[in-house]
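Enquirer: quick check, what structure comes out for this input:
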Amino acid sequence: MDTKQARFNMIEQQLRPARVLAANVLTLFSEIKREEFVPPAYRHLAFAAAAIPLGNGAHMFTPELEARALQALAMRRHERVLEIGTGSGYMAALLGAHAAHVLSYEIDPALADSARVNLEHARVRNVQVVTGDGLAGLPTQAPFHVIMVSGAVAEVPQTLLDQLTPGGRLFAVTGTRPAMEATLIHRIEHHFERVALFETDADFLRGAEPAPRFVF
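Expert: As a prediction, this is how the structure comes out:
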């Protein structure tokens, strides 16, 4: 595979048509090597418009979803970030390039270990991967300027929203299949403003699935 051409095609044929036009976001997708965060068996799909399997039922976001999330968050260099769902570590690497520090939670120990290796190999120094359930956030280190929920949740936990600093933003995929929405939530002093960005699809984070419906 010609990775240089495949990376160019990903940007020009997936990201730009999806209205990802922020120069700093597009630059990151040129510079941070996505293929190094993809399991070897799926490396040929590193630039495809696909949710790549990571094992144990987990999948990477598609490149479009990663890029649109990053563009929507409009991050600044001084900001502290909390990510829920490290996965392969690629989203954490993208966040880290736009932030002062990223604390990333991964509930699956094997994925957490793999992400640490990937981030170390990519020489990302400002991301800390923590093994554990991050849906409650980390109140002892709050507030955060940005919270990135790298997976779907039926509803965004209020405990996460409460850990945003005023002016902070949270991105999450919310709802239930087949009608999920990418959602951006701004904290404005003591209230929260929600904006539905676009329809999408993603795996639920463990423990964030919708309650089962009873059928009579």
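Enquirer: which element follows the longest helix belonging to the chain toward the C-terminus?
Expert: Using DSSP state H, we find that the single longest helix of the chain is helix 109-121. Sequence order places strand 127-131 as the next helix or strand after helix 109-121, per DSSP states H and E.
Enquirer: partners of that next one in the sheet?
Expert: Strand pairing for strand 127-131, determined by DSSP bridges: strand 101-106 (parallel).
Enquirer: at the geometric centre of the protein, which residue sits there?
Expert: Ser150 (3.6 Å; C-alpha atoms, centre = their mean).
Enquirer: buried set for stretch 113-126?
Expert: Within stretch 113-126, the residues scored as buried using 16 or more other C-beta atoms under 10 Å are 114-116, 118-119, 122, 124. All C-beta atoms are positioned from the backbone trio N, CA, C, and that covers glycine.
Enquirer: distance to Glu64 and pLDDT added to those residues, as JSON lines?
Expert: Converted to JSON lines, the buried residues of stretch 113-126 look like this (distance: C-beta to C-beta, whole Å; pLDDT from 0 to 100):
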{"residue": "Ser114", "distance to Glu64": "23", "pLDDT": "96"}
{"residue": "Ala115", "distance to Glu64": "21", "pLDDT": "97"}
{"residue": "Arg116", "distance to Glu64": "26", "pLDDT": "98"}
{"residue": "Asn118", "distance to Glu64": "21", "pLDDT": "97"}
{"residue": "Leu119", "distance to Glu64": "22", "pLDDT": "98"}
{"residue": "Ala122", "distance to Glu64": "21", "pLDDT": "96"}
{"residue": "Val124", "distance to Glu64": "22", "pLDDT": "97"}
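Enquirer: re the thing from before, now do the longest helix of the chain and strand 101-106, the angle between them.
Expert: Per axes from the mean of the first three to the mean of the last three C-alpha atoms, to 10 degrees, the angle that helix 109-121 makes with strand 101-106 is 150 degrees.
Enquirer: hmm, back to that, so the residue nearest to the centre of the chain makes contact with Leu82?
Expert: No. Using C-beta atoms under 8 Å as the test, Ser150 is too far from Leu82 to be in contact (10.8 Å).
Enquirer: picking that back up, which strands and helices sit next to the longest helix of the chain?
Expert: Other helices and strands packing on helix 109-121, by 3 or more C-beta pairs under 8 Å, 6 or more residues apart in numbering; DSSP states H and E, are strand 53-55, helix 90-96, strand 101-106, strand 127-131.
Enquirer: out of these, nearest to Ile188?
Expert: helix 90-96 (22.3 Å; C-beta to C-beta).
Enquirer: now do that closest one: which elements does it pack against?
Expert: Packing contacts for helix 90-96, counted by 3+ C-beta pairs under 8 Å, 6+ apart, involve helix 63-73, strand 80-84, strand 101-106, helix 109-121, strand 127-131, strand 144-153.
Enquirer: ok so, going back, save the buried residues of stretch 113-126 as TSV, and put in distance to Asp108 too.
Expert: TSV is the format used below for the buried residues of stretch 113-126 (distance: C-beta to C-beta, whole Å):
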residue	distance to Asp108
Ser114	9
Ala115	10
Arg116	12
Asn118	14
Leu119	16
Ala122	20
Val124	19
